[in-house]
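In: my questions concern the predicted model and sequence given below.
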Amino acid sequence: MVGPERPQFVLFGSSIVQCSYAKEGWAAILADLYARKADIILRGYAGWNSRHALQVLEQVFPKNATAVQPALVIVYFGGNDSMLPHPSGLGRHVPLEEYVENMRKIAIHLKFWKFSNIYFLETSGTFGPMGRKNENCRIYSEACLKLCREQDVKVIDLWTAIQKHDDWLNTCFTDGIHLSPEGSKIVAKEILKVLRDAEWEPSLCWKSLPTEFAGPPFDIIDPDSNVNLSDMTTYSEIELD
């Protein structure tokens, strides 16, 4: 690793995570806002479901790890689990009961992880081709919400948040499955709300975390705008209304 040591935010999920560093993706937005405050680390695997996640959980989050541990873990699985079963018996579909149990095991592993501090889970909420139906996503989303409340885990209802947006299917997705820049802004905004409102010590809100190497002799003030470049970000306007 390189220093100085910063809080680590680990994003663990399927293609919604793997692609989140793409241009104007939600991880890119977070990385920009936290550029001198925290490291955003991706563990995203396109096409994966909760069954795949459970198989590598110990490798991604080893219980006997002694290195720096993340301050936050964001988990996103459900979009592939909620696909309709394929007639061949193959495919990415995971029955609802198994999905809930898989997510429960992931939550328990993280919750009692020796060095873990904070984590929260996001729900699925996508719609598109290849055996996907919005109603099925709703069922899996609601199951995830219920589980998170039982486990006392912070949760974001993306299925609902995205569909509040006008013409959400065309504006929030590139292909009915993966997020567009507008969809990513919604996801980032919902995450920032949680980080702002959570009563965590220390706070992980981007405005609360210290800026690395800020203050004299490192402050650089733009003479034309009187802006301190230590706090310069591209996406600060989407932080919160």
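Out: That came in fine, so what should we check first?
In: from the centroid of the protein, which residue is nearest?
Out: Central residue of the chain (CA atoms, centre = their mean): residue 74, 4.3 Å from the mean position.
In: in which helix or strand does it reside?
Out: strand 72-76 (DSSP states H and E).
In: using CSV, write out every CA atom in that strand.
Out: The C-alpha coordinates for strand 72-76 follow below in CSV (Å, rounded to 0.1, in the frame of the first residue of the first chain):
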residue,chain,number,x,y,z
LEU,A,72,-17.2,1.0,4.6
VAL,A,73,-18.4,-1.9,2.4
ILE,A,74,-21.1,-1.4,-0.1
VAL,A,75,-22.7,-4.6,-1.4
TYR,A,76,-24.8,-4.8,-4.6
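In: hmm, who's touching the following helix or strand past that strand?
Out: Later in the chain than strand 72-76, the nearest helix or strand by DSSP H and E is helix 96-111. For helix 96-111, contacts defined as CB atoms under 8 Å, 6 or more residues apart in numbering pick out 49-51, 53-54, 57-58, 61, 63, 73, 75, 77-78, 81-82, 94, 116, 119, 121, 139-140, 143-144, 147-148, 151, 153. The C-beta positions use only the backbone N, C-alpha and C, and glycine is treated the same way.
In: which of those residues are buried?
Out: Neighbour counting with 16 or more other CB atoms under 10 Å marks 49-51, 53-54, 57, 61, 73, 75, 77-78, 81-82, 94, 116, 119, 121, 140, 143-144, 147-148, 151, 153 as buried within the contacts of helix 96-111.
In: what's residue 184 sitting at in phi/psi?
Out: Dihedral pair for residue 184: phi -60, psi -40, per degrees, to the nearest 10.
In: ok, now which ones touch it?
Out: With CB under 8 Å, 6+ apart, residue 184 has these contacts: 20, 24, 25, 26, 28, 29.
In: returning to that earlier point: so in that sheet, which strands flank the strand holding residue 74, and in what orientation?
Out: Strand pairing for strand 72-76, determined by DSSP bridges: strand 8-13 (parallel), strand 119-122 (parallel).
In: and the helices in the chain?
Out: With helices called from DSSP state H, the chain shows them at 15-18, 26-33, 50-60, 96-111, 134-151, 158-163, 168-171, 181-197.
In: possible to save these as CSV with mean pLDDT?
Out: Formatted as CSV, the helices of the chain follow (pLDDT from 0 to 100):
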stretch, mean pLDDT
helix 15-18, 94
helix 26-33, 95
helix 50-60, 95
helix 96-111, 93
helix 134-151, 90
helix 158-163, 91
helix 168-171, 91
helix 181-197, 93
